[in-house]
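Chemist: coords please:
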Amino acid sequence: MSSQFALTRVIPQFFPPIGENERAAARSLLKHALTDGPALVDALVEMAALARISQRILRTAKAELGVISVRLSSATGPRWVWQLPKHAHQE
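Modeler: Here you go, the predicted structure:
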């Protein structure tokens, strides 16, 4: 399964319904996307864009949830991932 296909199957549930604000949708997207572990920031930004969530709102939601940024080093250069704080997995 391609990652693009996987994204398009997940994204529709994060389109903010009428009456739900963009920030609530961003928090929901991050909680869902990071439940199973870290995710690349580039992929999260792409998911947010597909759900019509701005990068500014995504970063606000990140701060509200206490999401942690981690820099990974690789042969192709540094990559950033976001992950939920450890205590969030125990709730």
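
Chemist: For residue 58, which non-adjacent residue is spatially closest?
Modeler: Leaving aside its chain neighbours, residue 58 sits nearest to residue 48 (4.5 Å; criterion: Cβ to Cβ, 6 or more residues apart in numbering). The C-beta positions use only the backbone N, C-alpha and C, and glycine is treated the same way.

Chemist: pretty sure the one you found is touching residue 59, no?
Modeler: No: assessed by Cβ atoms under 8 Å, residue 48 is found out of contact with residue 59, at 9.7 Å.

Chemist: So these two - more neighbours on which side?
Modeler: Per other Cβ atoms under 10 Å, whichever of residue 48 and residue 59 has more neighbours is residue 48, with 24 against 14.

Chemist: Can I take it that the more buried one is in a helix?
Modeler: Yes: assessed with DSSP: H, G, I helix; E, B strand; the rest coil, residue 48 lies in a helix.

Chemist: rewinding a little: common neighbours of residue 48 and residue 59, please.
Modeler: Common contact partners of residue 48 and residue 59 (Cβ atoms under 8 Å, 6 or more residues apart in numbering): none.

Chemist: and residue 37, how many neighbours does it have?
Modeler: Residue crowding around residue 37 was assessed by other Cβ under 10 Å; the count is 10.

Chemist: Dihedrals phi and psi, it?
Modeler: Phi and psi for residue 37, reported as degrees, to the nearest 10, are phi 140, psi -170.

Chemist: show me the contacts for it.
Modeler: Counting by Cβ under 8 Å, 6+ apart, residue 37 makes contact with residue 83.

Chemist: measure it to residue 22 for me?
Modeler: Separation of residue 37 from residue 22 (Cβ to Cβ, to the nearest Å): 25 Å.

Chemist: What is the neighbour count of residue 61?
Modeler: Residues near residue 61, counting by other Cβ under 10 Å: 22.

Chemist: what are the ranges of the helices in this protein?
Modeler: Here the chain has its helices, by DSSP state H, at 3-10, 22-34, 41-50, 55-65.
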